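Trainee: Need coordinates for the below:
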Amino acid sequence: MHPRLMMDPAPVDGAVVFRQPLDTDFGVLASLRRDPAVQSMLMAIPDATDDDAVRGWIDRRLRDSDGAFRVVADVRSHDPLGFVQISQVHRRNRHGYGGLALLSQARGRGLGLAIVTLLMKLASEELGLAKLLLEVRHDNLVALKVYHAAGFRVVGTLEEHFRDRDGKVHDVLLLERRLTPIKP
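Mentor: Sure thing, here's the model as predicted:
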C-alpha cells in the first residue's frame, strides 16, 4: 500500500505526518535504535541491536494493542524522520506514556511542537486517552522546552532514576498533560 494511503489525520502545520512503518523505514528505525545517545535520552539500553533484535523491537511495538507506534515522516517526501510511541496504557484510568525520537538531521528544524501535538491527538483520538505522561531526563533541555510549549507540566522528579550505559545516574522528570480533543 502506498504511504499516502496509510497516513493518520492531516498534519499540524503541514510539516510532518505519522504513518505505519514500511519495510523501507528499517534503516532509519535501526539507526535510532542503535544510537547510544538517542537511546540514553529515551532511557533505554537495548540488550542487542543487530537486525533481528531491531526487527523484534519494531514487531513488539506494533503488536502492542494498547499502545501506538508510528513513523514520523516528512509530509512532502514521506521520508522517515523518526518515530513516536505510546506505551504503558492504563485503559481504566485512560493514560499512557509517550515518547519520540528523531534523526539528527530532523532535529533543530522546529518540528518538535508539531510532532508533540500530533502525538497528543493520536493519544486522545485513537487510543481514547485523557492524559499523556512523559518521563524526560532532567538534562534533555530541548525536549523539556518543546513539551512545556505543548502544555505539559512537571509533576515530579524521580531522583537518580536512570543509570546510563556508562553508569552515570540521572534524575528524571515526570510530566503530564490532560488531553482534550486536539484540533489540527
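
Trainee: Any regions of this structure where pLDDT drops low?
Mentor: Along the chain, segments meeting pLDDT under 70 span 1-14, 181-184.

Trainee: Name the nearest residue to the residue most central in space within it, ignoring sequence neighbours.
Mentor: What sits nearest the mean C-alpha location of the chain, by CA atoms, centre = their mean, is residue 100, with 2.2 Å. If the residues on either side of it in the chain are set aside, residue 100 comes closest to residue 84, at 4.5 Å by CB to CB, 6 or more residues apart in numbering. Every C-beta, even on glycine, is put in place using the N, C-alpha and C of the backbone.

Trainee: in its sheet, what does whichever strand or helix holds residue 84 sit against?
Mentor: Assigned by DSSP states H and E, residue 84 belongs to strand 80-90. Strand pairing for strand 80-90, determined by DSSP bridges: strand 68-74 (antiparallel), strand 95-102 (antiparallel).

Trainee: mind giving me CSV with those strands and columns for distance to residue 28?
Mentor: Converted to CSV, those look like this (distance: least, CB to CB, whole Å):
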stretch, distance to residue 28
strand 68-74, 8
strand 95-102, 10
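
Trainee: before we move on, the earlier item: contacts for the strand holding residue 84, please.
Mentor: 16, 18, 21, 25, 28-29, 32, 61, 64, 66-74, 95-103, 106, 111, 115, 118-119, 122-123, 127, 129, 132 (CB atoms under 8 Å, 6 or more residues apart in numbering).

Trainee: Please apply the same query to stretch 31-48.
Mentor: Residues from elsewhere that reach stretch 31-48 (CB under 8 Å, 6+ apart): 49, 53-54, 57, 82-83, 99, 101, 103, 135, 137, 140, 143, 162, 164-165, 170, 172.
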